[in-house]
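Undergrad: A predicted structure for the sequence below; I have some questions about it.
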Amino acid sequence: MITIQNICKSFDDNLVLNDISTVFEPGKTNLIIGRSGSGKTVLLKSIVGLHEVDQGDIFYDDRNFTQMNHKLRKKLRQEMGMVFQGGALFDSFSVEENVRFPLDMFTNKSQKEKQERVDFCLDRVNIAKAHKLYPAEISGGMQKRVAIARAIVMNPKYLFCDEPNSGLDPETSLVIDELVHELTVDFNMTTVINTHDMNSVMEIGDRILFISEGVKTWEGTKQEILHAQNKKLQEFVFANKTYREIRDVKIEKES
Ligand SMILES: Nc1ncnc2c1ncn2[C@@H]1O[C@H](COP(=O)(O)OP(=O)(O)OP(=O)(O)O)[C@@H](O)[C@H]1O
């Protein structure tokens, strides 16, 4: 579980996160949504410590991350898996070298143990015959799966994904969403995903945090979002005609 209490973050005079509090629960995919520039990336980066917050606290379970020194934060980071925008694989490493990288960096496991873990993770994300290939030799969807395999190789308690579907077609996006959701449940990870993708919201939005101009404006589940009365949220969600139609059909069915 990750608990955020009253965090604020400014860049010079620009207040980007304004008193945000929320709880991200384990075994759930927690989505952060909002317009471009609303503060999603700054929030995600603040949670993992890539930005220092000006005020407020971030707890990983009962551990106060904001109060930790560099050494303790470094240790806690080993419990975090991250999937960056674009995959961020090392081009000159093969698929299996990419996935093995955190094990080489942070563990003393034997070669055999590392290989077993790499094989397990690649198997888990359904990559069967690409172990020796290089990122440039596989599709964008496969690259994303390799990035996910690398993110889970250290068996993290917390998984962070920044726009995991960027650059993918809708069908592949759905496969990636389902994979992240499945892994979250299977490994009981606390997963936080920054997304623009309304399809993801409707598919895997166990918990959704909507921020608008740096302020928490709504939170709820994918079941609740279609009925939410918040005007800013409605403008965001129902900018898409398909979701207006889905809402209307649901409301008609229920009445
Ligand atoms: N390092 C920085 N220095 C100064 N301002 C920043 C910095 N990073 C972000 N900002 C500002 O913070 C605000 C929120 O940016 P952020 O990247 O979090 O938005 P976002 O919701 O993730 O947008 P998008 O969906 O387009 O990625 C913007 O006004 C941005 O200019």
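TA: Cool, got the structure.
Undergrad: neighbouring contacts of stretch 160-172?
TA: Applying CB atoms under 8 Å, 6 or more residues apart in numbering, the contact partners of stretch 160-172 are 41, 44, 47-48, 80-86, 140-141, 144, 148, 151, 173, 176-177, 180, 191-197, 199-200. Where you see a C-beta, it was placed from the backbone N, CA and C, and this is true even at glycine.
Undergrad: quick check on Glu235: phi, psi?
TA: Phi and psi for Glu235, reported as degrees, to the nearest 10, are phi -60, psi -40.
Undergrad: now do the same for it: its pLDDT.
TA: Listed pLDDT for Glu235 reads 87.
Undergrad: and His51, how many neighbours?
TA: For His51, the count of nearby residues is 18 (other CB atoms under 10 Å).
Undergrad: and for Ala130?
TA: Using other CB under 10 Å, Ala130 has 19 other residues around it.
Undergrad: ok, it - contacts?
TA: Counted by CB under 8 Å, 6+ apart, Ala130 has contacts 95, 122, 137-138, 142, 146.
Undergrad: let me know the closest of those residues to the ligand.
TA: When these are compared for distance to the ligand (CB to the nearest ligand atom), Val146 wins out at 23.1 Å.
Undergrad: kindly confirm my reading that the closest one is in a strand.
TA: No. Looking at Val146 with DSSP: H, G, I helix; E, B strand; the rest coil, it is helix, so not inside a strand.
Undergrad: hang on, the earlier thing: and the ligand, which of the contacts of stretch 160-172 contact it?
TA: 41, 196 (CB under 6 Å from any ligand atom).
Undergrad: wait, isn't Thr22 in contact with Lys216?
TA: Yes. Shown here, Thr22 and Lys216 form a contact pair, counting by CB atoms under 8 Å, at 6.4 Å.
Undergrad: related to what we said a few turns ago, which of the contacts of stretch 160-172 count as buried?
TA: Taking 16 or more other CB atoms under 10 Å as the criterion, what is buried in the contacts of stretch 160-172 is 41, 44, 47-48, 80-83, 140-141, 144, 148, 151, 173, 176-177, 180, 191-195, 197, 199-200.
Undergrad: still on that earlier bit, so which of the contacts of stretch 160-172 belong to helices?
TA: Mapping these onto helices (DSSP state H) picks out 41, 44, 47-48, 140-141, 144, 148, 151, 173, 176-177, 180, 199-200.
Undergrad: helix/strand/coil for Ser10?
TA: Going by three-state DSSP: Ser10 is strand.
Undergrad: can you show me the helices along the protein?
TA: Here the chain has its helices, by DSSP H, at 40-48, 70-77, 95-106, 111-124, 140-152, 170-186, 198-204, 222-225, 231-237, 241-254.
Undergrad: give me the distance between the closest residue in space to Leu76 that isn't next to it in sequence and Val180.
TA: Nearest residue to Leu76 in three dimensions, chain neighbours excluded: Tyr60, at 6.1 Å (CB to CB, 6 or more residues apart in numbering). Distance of Tyr60 to Val180, given as CB to CB, to the nearest Å: 19 Å.
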